[in-house]
Each structure stands twice: as C-alpha cells, then as structure tokens.
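J.: Predicted structure and sequence below. I'll ask about it afterward.
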Amino acid sequence: MAKFIVPKEIFHGVGSLENLKGLKGTKAVIVIGGNSVKKNGVLEKTQNFLSEAKIESVVFGGVEADPSIDTVLKGAEFFQQEQPDIVIGLGGCSAIDAAKAMWIYYEYPDSKLEELAAPFAVKPLRNKAIFVAVPSTSGTGTEITGLSVITDTKKGTKYPIVSHELTPDVAIVDGELCASMPAHVTANTGLDALSHGVEAYVSNISDCYNDALAKDSIDLVFKNLPTAVEEPNNTEVRQAMHDASCMAGMAFTNVWLGIVHSLSHQLGGTFGIPHGCANAILMPNVIRFNSKVTDKYNNLAALFGKSTAEDFAQEVEKLRQSVGVVNSIKEYGIDEKLWLEKLDTLTENAMKDPCTLFNPRKPEFEEIKAIYKACFEGTKIDC
Ligand SMILES: NC(=O)c1ccc[n+]([C@@H]2O[C@H](COP(=O)([O-])OP(=O)(O)OC[C@H]3O[C@@H](n4cnc5c(N)ncnc54)[C@H](O)[C@@H]3O)[C@@H](O)[C@H]2O)c1
Ligand SMILES: [Zn+2]
C-alpha cells in the first residue's frame with residue numbers, strides 16, 4: 001500500500017501566475033529573496049493580481065541563498081505584526097523554504113529548529129494561514145514538497161524540516177518567471193531536477209505513479225535544459241523545465257531520494273559546491289554503483305535508443321558538459337590536501353544522511369569513499 005501527496009491545486013503553464021486572482025483571503029505576506037522579482041516585474045504583477053482578488057499584500061524581502069534561522073525568526077516576527085491569512089513564497093527555493101519555516105513559527109512561536117528537524121515533528125498547520133508557492137527557479141520542486149531546508153549559521157548545519165504539513169496548498173508553475181535566471185543557475189538547478197527524477201525512479205520504495213512522473217521529468221530535462229541555458233527568453237522551453245522540476249518534485253516528495261543527495265549534501269555543507277553541480281558530478285558514478293542491483297537505468301537509456309546503465313551514465317555526462325558544468329570535484333577547485341583531510345568525515349556523514357535509506361543499493365563505508373574518490377578525480381568507479 002502507498003500514499004501519494006501533492007498540493008491541492010497546481011496551476012501550470014505560461015501566464016498561470018494570474019491564478020492568484022482566484023485566491024480567497026484578506027491579507028497576504030509575500031516572502032522574496034533578493035531583487036530579481038522586483039527587477040523582472042513579477043512582484044508587481046503578483047501584487048496586482050492579489051489586489052484584483054481584494055487581498056491586501058505586504059512584502060518580506062532579503063531572504064539569502066541557503067536561508068538562515070535568523071532570517072526565519074525575523075520573518076515570523078513580521079508575520080505576527082501583519083497577521084496574514086495567506087503566506088506566499090515567491091522566488092527561488094531559498095525564499096520559498098524560508099517562507100515555509102516562517103509559517104511554522106507564525107503558527108507555533110515556541111518552535112525550536114533542532115526539534116523541527118526530527119522526522120515529522122511539525123504540528124498541524126493552517127490554523128492561521130494557507131501556503132502558496134510560486135517558484136522562479138526550475139530545480140528543487142519545493143512548490144510540491146513537504147520539505148524546507150534551513151541553515152543554523154552559528155552551528156554551520158543545514159536542517160531539513162520534513163513533513164507533509166509543509167506541502168503547499170497551492171503551487172503556481174509559470175515558466176515565464178524563470179526567463180531572468182542566469183545561465184549558471186539554470187544549469188545547476190536543472191541538473192538538480194534531473195537528479196530528483198533519477199533518484200526517485202530507482203528509490204527502493206518507488207511505485208508506478210512516481211515512476212511515470214520521474215521518467216517523463218527526466219525526458220523533459222534532457223530535451224530542454226541545453227536550450228534553456230542558451231535561450232533564456234524561450235518561454236516554451238522555460239515552461240518545459242519548470243514542469244520537469246515540478247513533476248520530479250511530485251515523485252521525490254513521495255518516494256524520496258538516494259545517495260547522490262547523501263553525498264552531495266556534504267559537498268554543499270563543507271565546500272559550498274552548488275547543489276545541482278555537485279549532484280551532476282556524482283550522478284554517473286552513483287548510477288554505475290547502483291546498476292549492480294537494479295536494471296531500471298536500462299529503461300532510462302532506452303530514452304536515447306540505448307540499453308545499458310553505462311549508456312545512461314554517459315548521457316548524463318554529456319548533458320553536464322553541454323551546459324558548462326565541471327566534470328569533477330577537483331575541477332571545481334577544491335584543494336586536494338583539504339579534500340583528503342575531510343574525506344572520512346564526509347563519508348561518515350553521507351552514510352548517516354536520511355536519503356541513504358532509500359537508495360536501491362545499501363552502501364558500505366568504503367564504497368561511499370570510493371565513489372567520492374572517483375568523483376574527485378573525474379574517473380569511473382568499478383564496484
Ligand atoms: N525544499 C525542497 O524541497 C528543497 C530540495 C532541495 C534543495 N533545497 C534547498 O533549496 C535552496 C536552493 O534553492 P534554488 O536552487 O532554487 O536557489 P536559490 O533560491 O538559492 O536561488 C539562487 C540564486 O538565483 C537567484 N534567482 C532565483 N530566481 C531567479 C530568477 N528568476 N531570475 C534571476 N535570479 C533568480 C536568487 O536570488 C539567488 O541569488 C538550498 O537552500 C537547498 O538546500 C530545498
Ligand atoms: Zn536536490
């Protein structure tokens with residue numbers, strides 16, 4: 001038996017932002033990151049649509065990339081002053097994840113981040129407000145997921161808050177919002193979406209619902225990511241990437257991820273390698289590693305008229321190269337001496353990462369270390 005959870009309403013397509021006009025409520029707080037939604041006019045459009053729905057709106061701005069608990073607490077204080085009945089996360093995943101965490105603190109002011117990070121610790125939400133997610137990057141799928149990632153900058157730790165309570169009520173997936181995304185953000189976030197599709201597809205709790213979404217999301221990324229990088233204003237292609245990210249999000253929020261993410265979380269936390277870039281470096285060798293216990297990658301190779309896991313791993317490498325992402329951790333610029341000093345700790349933490357539980361092949365310490373070593377050098381593993 002299995003359960004499939006997604007937002008109650010998902011509006012998608014170019015121009016779907018206008019569905020904000022159908023929201024019911026009196027006051028919205030819109031949480032944004034930097035200035036991109038101001039510069040590209042999306043914030044103004046959002047506020048105009050809300051006005052048409054007779055919903056007053058106020059803005060909480062300045063959420064940083066990898067949002068901190070300090071920002072979340074400031075935002076929650078703002079929510080207490082403004083008393084919204086709608087929370088809107090608008091922008092990259094950082095802004096939306098921060099808005100999700102502010103929403104928890106708004107409803108439960110005595111919350112503690114460490115406690116929220118325990119599995120399914122979030123209490124029932126929606127006593128004060130509903131949540132609307134409007135992403136402007138095509139990668140994490142946060143508009144769909146029951147997940148918010150918050151950083152405690154003092155401890156240097158990233159806390160994933162995992163609960164289906166955090167699944168937004170309304171998701172708006174409008175590719176037009178992504179046109180202003182810089183090429184490197186498009187490439188990294190698009191490869192993140194690819195990794196969600198691939199890891200969900202081979203998850204050890206995968207099922208036919210999520211397989212269908214994951215497989216089609218993978219196909220969409222391969223067909224559209226290079227053009228999205230080259231032609232930023234091509235809205236059709238932007239929409240296809242936004243749909244891919246959303247579909248991969250639907251799959252992974254239900255069947256979770258694997259060791260690409262376990263290993264990548266450590267590379268992000270320790271060396272600041274962008275999430276999608278780290279995933280793309282790791283993915284081909286993780287495919288080779290997992291292919292010893294699953295033949296599902298053969299179905300993904302078939303998308304290219306090929307037949308083996310190795311064929312699919314090589315297609316991922318070609319895509320990575322074509323969008324200008326480096327081939328190895330060394331090439332990203334990590335110092336070899338520092339790398340060797342950290343390698344055992346990275347490996348231990350990757351073993352403990354919750355995503356490891358859903359990987360199709362249970363890895364040993366030395367196996368994870370071998371994958372890390374090969375990905376540092378940019379060579380193929382054989383284990
Ligand atoms: N909630 C989830 O399901 C989930 C899953 C995976 C990762 N994460 C977290 O997501 C965060 C990363 O999110 P992200 O990859 O969306 O990046 P981001 O939100 O950090 O944005 C990256 C940069 O791009 C800018 N930007 C965003 N949209 C833009 C646009 N349309 N035009 C111009 N600039 C734009 C932002 O201002 C920022 O500078 C990390 O904190 C990661 O841990 C969350
Ligand atoms: Zn990811």
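T.: Structure received. Fair warning: this is a prediction, and the values are worked out from it, not measured in the lab. Ligands and ions are numbered 1, 2, ... in the order given.
J.: quick one: contacts for whichever residue of the stretch 201-350 of the chain sits closest to ligand 1?
T.: Ligand 1 sits closest to His275 of the stretch 201-350 of the chain, with a gap of 5.5 Å, by Cβ to the nearest ligand atom. No exception for glycine: its C-beta is placed from N, CA and C like everyone else's. Contact analysis of His275 by Cβ atoms under 8 Å, 6 or more residues apart in numbering lists Gly139, Asn188, Asp192, Ser264, Gly268.
J.: Tell me if I'm right that the third one and Thr186 touch.
T.: Right, Asp192. No: Asp192 lies out of contact with Thr186 (Cβ atoms under 8 Å); the separation is 10.9 Å.
J.: circling back to that earlier point, mind putting the contacts of His275 in JSON lines, neighbour count, distance to Gly175 and pLDDT included?
T.: Listed next are these as JSON lines, based on neighbours: other Cβ atoms under 10 Å; distance: Cβ to Cβ, whole Å; pLDDT from 0 to 100:
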{"residue": "Gly139", "neighbour count": "30", "distance to Gly175": "13", "pLDDT": "96"}
{"residue": "Asn188", "neighbour count": "23", "distance to Gly175": "17", "pLDDT": "98"}
{"residue": "Asp192", "neighbour count": "28", "distance to Gly175": "17", "pLDDT": "98"}
{"residue": "Ser264", "neighbour count": "29", "distance to Gly175": "26", "pLDDT": "94"}
{"residue": "Gly268", "neighbour count": "19", "distance to Gly175": "26", "pLDDT": "89"}
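J.: Now whatever residue of the stretch 51-200 of the chain ends up closest to ligand 1: closest residue in space that isn't a chain neighbour?
T.: Closest contact between the stretch 51-200 of the chain and ligand 1, by Cβ to the nearest ligand atom, is at Gly92 (2.0 Å). Leaving aside its sequence neighbours, Gly92 sits nearest to Thr137 (Cβ to Cβ, 6 or more residues apart in numbering; 4.5 Å).
J.: just to revisit the earlier point, return the member of the contacts of His275 nearest to Met283.
T.: Ser264 (9.1 Å; Cβ to Cβ).
J.: What about that closest one? Give its phi and psi, please.
T.: Dihedral angles of Ser264 (phi, psi; degrees, to the nearest 10) stand at phi -70, psi -40.
J.: Now do the strands in the stretch 51-200 of the chain.
T.: For the stretch 51-200 of the chain, the strands defined by DSSP state E, counting those that start in this stretch cover 56-60, 86-91, 130-135, 147-152, 157-162, 170-173.
J.: worst average pLDDT in these?
T.: Least confident of the strands of the stretch 51-200 of the chain, judged by mean pLDDT, is strand 157-162 with a mean of 86.
J.: which neighbours does that strand have in its sheet, and in what orientation?
T.: When sheet partners are counted by DSSP bridges, strand 157-162 sits next to strand 147-152 (antiparallel).
J.: could you check the angle strand 86-91 makes with the partner strand?
T.: Relative orientation of strand 147-152 and strand 86-91, computed by axes from the mean of the first three to the mean of the last three Cα atoms, to 10 degrees: 80 degrees.
J.: hmm, strand 147-152 in reach of ligand 1?
T.: Yes: contact of strand 147-152 with ligand 1 (Cβ under 6 Å from any ligand atom) involves Leu147, Ser148, Val149.
J.: For burial, what's the neighbour tally of the residue nearest to the first one when sequence neighbours are not counted?
T.: Going back to what we said before, that points to Leu147. Nearest in space to Leu147, with sequence neighbours left out and distances taken as Cβ to Cβ, 6+ apart, is Val162 at 5.6 Å. When neighbours are defined as other Cβ atoms under 10 Å, Val162 has 22 of them.
J.: And Lys24, by the same measure?
T.: Here the number of neighbours of Lys24 (other Cβ under 10 Å) works out to 10.
J.: mind listing what it touches?
T.: Ala53.
J.: Name the SS class of it, please.
T.: The three-state label given to Lys24 by DSSP: H, G, I helix; E, B strand; the rest coil is coil.
J.: Which parts of the stretch 1-150 of the chain are helices?
T.: 36-39, 42-52, 69-82, 93-107, 113-116 (DSSP state H, counting those that start in this stretch).
J.: would a markdown table of these with mean neighbour count be doable?
T.: Below are the helices of the stretch 1-150 of the chain laid out as a markdown table (neighbours: other Cβ atoms under 10 Å):
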| stretch | mean neighbour count |
| --- | --- |
| helix 36-39 | 17 |
| helix 42-52 | 17 |
| helix 69-82 | 18 |
| helix 93-107 | 28 |
| helix 113-116 | 16 |
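J.: To Ile259, which of these lies closest?
T.: That would be helix 93-107 among these, by Cβ to Cβ, at 21.3 Å.
J.: Average pLDDT for that closest one, rounded please.
T.: Helix 93-107 shows a mean pLDDT of 98.
J.: Give me the spatial nearest neighbour of Val42, chain neighbours excluded.
T.: Take Val42 and drop its neighbours on the chain: the residue closest to it by Cβ to Cβ, 6+ apart is Leu177, 5.4 Å away.
J.: hang on, I meant His265
T.: His265's closest residue in space is Asp353 (Cβ to Cβ, 6+ apart), at 5.7 Å.
J.: do the same with Gly141
T.: Leaving aside its chain neighbours, Gly141 sits nearest to Gly249 (1.9 Å; criterion: Cβ to Cβ, 6+ apart).
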